[in-house]
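> Kindly return the folded structure for what I paste below:
(one chain, ligands or ions: 1)
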Amino acid sequence: MSITIKELDKSLTIKVADNRTDIERIAKFDNAVFDERVGSLCLELFLNHPNTQINDLIFVENEKGEVVSSLCLIPWEWNYDGIILNVGEMGIVGTAEEYRRQGLIRSQVEYFKQLLNERGFDISIIQGIPYFYRQFGYEYSVPLERNCIIELYQIPDYSEDERPKLSYRIAEKKDISEIQRLYDESSKSLAINTKKNENIWRYLIEHNPKTGTAVDIWVAEDNGQIVGYFLIAKHPFGNALTVAEVSKLSYDNALDILRYLKKLAIENNKPNIRLNIQSNCELIKTALYHGAIDRGTYAWQINIPDMVKFLKKISPVLESRIANSPFLGLTEQIRISFYTEKVSISFDKGHITSIDKLELTDGWYEPIRIPPMSAVPLFLGCRDRKESCELWKDMGASPKYSYLFDTLFPKMDSCIYTIY
Ligand SMILES: CC(C)(COP(=O)(O)OP(=O)(O)OC[C@H]1O[C@@H](n2cnc3c(N)ncnc32)[C@H](O)[C@@H]1OP(=O)(O)O)[C@@H](O)C(=O)NCCC(=O)NCCS
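Numbers count the residues shown, from 1 in each chain. So this is what the prediction gives:
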């Protein structure tokens, strides 16, 4: 029996899944609203993924007991410069056509946000359709879906006296610990990255292949030693052979992988290769030197449910930024106005002693002013103060506080590789 959360009216009820049958009927609903790969994703996520809980699969049922709308909560962990953030993704959002525009997603989002608060998630994320999620307080931030294209002719063939340097094969479960080691090493170049563990790699190898987010995991070996890996998306947007993740590589290995990707593209009738990977990695840099064009990214839509809680969570990072700056030893209460709320960060000899919400009674003005939606890309290092001020004319600070602001919230390299 599914669990009732709220009756919306006599005929429609918000429920959460509580058994395999519920998961199966929601997956069937997803087949109809999206396609079978999304249905399979729902099944695999809620039957086999190490991060999910069955009760986080939310749906609306009509009087006939049919599922007519659904969304779910998928927990992730993101590493924010050494701090682990608890991240709640809103996933697989859909309503049956005849029930649209009746507020069913809005009602489920209300419950979803309640879950975020009850379980103390630091941020919430969505990789969804444009614009729609702004109404629920989500703002475009961390890069998603990079579109860096290299044409096959731009990748040089081996000359007569050259041979392929590496050998390639699809990863197996026995490779997981080595892939994990390479992942941990590679993710150090990203201030914000996904925290992955061996259970997630196992899920990607064992359960992901049936879903819309399926990937082939390739390992590259040099004399029998794994020296790198890359993921190829099986159902990407567009026609290109799409690389969805890559490890750290030497220049020679990056070039050898580009040549192997060219071979795969030709074998699979792909016109070119898309690198949907972090902009600072060796594979992209090597491709750019060979003429690839980076057309930029879409972005994760992100909401910070509780600003004070988030700032408290990242306070060790803020302290370390102050310690490595001319503000070393700072003793001051820094007051920030988000216009709809105000927060103070109290420093004593460079250490944060408290972060508090302030009363709005004295008006909106404070030494640092940040409109609420611009705070998300700023705090997640996607845009710095100067770039944000170009976009948001109501963001500002006096010279000293601008310097402090830049010290506390610099731009950060980020790339979020998938857990499913
Ligand atoms: C997008 C979708 C999930 C919306 O579901 P829904 O149940 O109609 O959403 P709601 O009725 O709760 O809509 C909430 C608000 O958004 C508005 N809205 C609905 N669809 C919208 C759309 N496509 N674009 C912009 N606003 C939209 C509604 O009018 C409502 O505003 P209001 O409360 O001020 O009247 C639904 O159209 C759908 O399933 N589409 C196909 C699958 C899809 O694209 N899913 C999203 C994948 S990320």
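> ok, Glu24 - contacts?
Counting by CB atoms under 8 Å, 6 or more residues apart in numbering, Glu24 touches Leu43. Where C-beta positions appear, they are placed from N, C-alpha and C, glycine not excepted.
> Tell me how far the host helix or strand of it lies from the chain's centre.
In this structure, Glu24 sits in helix 20-33 according to DSSP states H and E. Taking CA atoms, centre = their mean, to the nearest Å, one finds the center of helix 20-33 at 25 Å from the center of the full chain.
> next structured bit after that helix?
Moving toward the C-terminus from helix 20-33, the next helix or strand (DSSP H and E) is helix 36-48.
> what mean pLDDT does that following helix have?
In this model, helix 36-48 has an average pLDDT of 98.
> and it, which residues are buried?
Arg37, Val38, Gly39, Ser40, Leu41, Cys42, Leu43, Glu44, Leu45, Phe46 (16 or more other CB atoms under 10 Å).
> biggest separation within the residues you listed, which pair?
Arg37 and Phe46 (15.2 Å; CB to CB).
> circling back to that earlier point, ok, of the buried residues of helix 36-48, which one's closest to Ile419?
Distances from Ile419 to the buried residues of helix 36-48, taken by CB to CB, are shortest for Leu45, at 9.9 Å.
> Surely the closest one and Cys72 touch.
Yes. Using CB atoms under 8 Å, Leu45 makes contact with Cys72 at a distance of 7.4 Å.
> Common neighbours of those two, please.
Here Leu45 and Cys72 have Thr52, Gly91 as joint contacts, going by CB under 8 Å, 6+ apart.
> domains for the protein, by residue range?
Following automatic domain parsing, the chain resolves into domains at 3-137, 145-297, 306-412.
> What segments of the stretch 151-300 of the chain are strands?
Counting by DSSP state E, counting those that start in this stretch, the stretch 151-300 of the chain has strands at residues 167-170, 192-194, 215-222, 225-233, 241-246, 272-275, 293-303.
> want to throw the ones you listed into a markdown table with mean pLDDT, mean neighbour count and distance to Pro316?
As requested, the strands of the stretch 151-300 of the chain are arranged in a markdown table below (pLDDT from 0 to 100; neighbours: other CB atoms under 10 Å; distance: least, CB to CB, whole Å):
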| stretch | mean pLDDT | mean neighbour count | distance to Pro316 |
| --- | --- | --- | --- |
| strand 167-170 | 98 | 13 | 40 |
| strand 192-194 | 98 | 21 | 15 |
| strand 215-222 | 98 | 19 | 34 |
| strand 225-233 | 98 | 20 | 31 |
| strand 241-246 | 98 | 24 | 28 |
| strand 272-275 | 98 | 24 | 33 |
| strand 293-303 | 97 | 17 | 21 |
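> Can you add distance to the ligand and give these back as CSV?
As requested, those are exported to CSV (distance: least, CB to the nearest ligand atom, whole Å):
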stretch, distance to the ligand
strand 167-170, 30
strand 192-194, 20
strand 215-222, 20
strand 225-233, 18
strand 241-246, 19
strand 272-275, 21
strand 293-303, 9
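> Give me the distance between the two termini of stretch 368-387.
15 Å (CA to CA, to the nearest Å).
> I figured Tyr138 hits Ile302, correct?
Yes. Counting by CB under 8 Å, a contact exists between Tyr138 and Ile302, whose distance comes to 6.2 Å.
> okay, and the common contacts of those two?
What both Tyr138 and Ile302 touch, as defined by CB under 8 Å, 6+ apart, is the set Ser124, Ile126.
> still on that earlier bit, which among the domains of the chain is found nearest to Thr418?
domain 145-297 (6.5 Å).
> quick check, nearest of the buried residues of helix 36-48 to Tyr260?
Arg37 (26.5 Å).
> residue contacts, the closest one?
Thr211, Gly212, Ala214, His235.
> Need those residues in TSV (columns: distance to the ligand and neighbour count).
Below are the contacts of Arg37 laid out as TSV (distance: CB to the nearest ligand atom, whole Å; neighbours: other CB atoms under 10 Å):
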residue	distance to the ligand	neighbour count
Thr211	15	21
Gly212	12	19
Ala214	19	20
His235	15	12
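> Mind telling me the two of the residues you listed farthest from one another?
Thr211 and His235 (8.6 Å).
> For the domains of the chain, please prepare CSV with the additional fields distance to Ile419.
What follows is the domains of the chain, written out as CSV (distance: least, CB to CB, whole Å):
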stretch, distance to Ile419
domain 3-137, 6
domain 145-297, 5
domain 306-412, 18
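> Could I get the full set of helices for the stretch 201-350 of the chain?
251-267, 282-289, 307-313, 315-323 (DSSP state H, counting those that start in this stretch).
> Any idea how far stretch 109-124 is from the middle of the chain?
So, by CA atoms, centre = their mean, the centroid of stretch 109-124 is 17 Å from its chain's centroid.
> do it and the ligand meet at all?
No. Applying CB under 6 Å from any ligand atom, one finds stretch 109-124 separated from the ligand by no less than 7.5 Å.
> Need the residues that contact that stretch.
So stretch 109-124 is contacted by 5-6, 14, 56, 58, 71, 73, 75, 78, 85-90, 136, 138, 302-306, 309-310, 313, 380 (CB under 8 Å, 6+ apart).
> and the stretch 51-200 of the chain, which residues reach the ligand?
Going by CB under 6 Å from any ligand atom, the residues of the stretch 51-200 of the chain near the ligand are 69, 93-95, 100-106, 128-129, 132, 135.
> May I ask which two of those residues are separated the most?
Across these, the two lying at the largest distance from each other (CB to CB) are Gln102 and Gly128, at 19.2 Å.
> so Asn268 makes contact with Thr242?
No. Asn268 is beyond contact range of Thr242, at 10.9 Å (criterion: CB under 8 Å).
> how about stretch 407-420: buried residues?
Thr407, Leu408, Phe409, Lys411, Met412, Ser414, Cys415, Ile416, Tyr417, Thr418, Ile419, Tyr420.
> Pretty sure Met1 sits against Asn19.
Yes. Using CB under 8 Å, Met1 is in contact with Asn19, at 7.3 Å.
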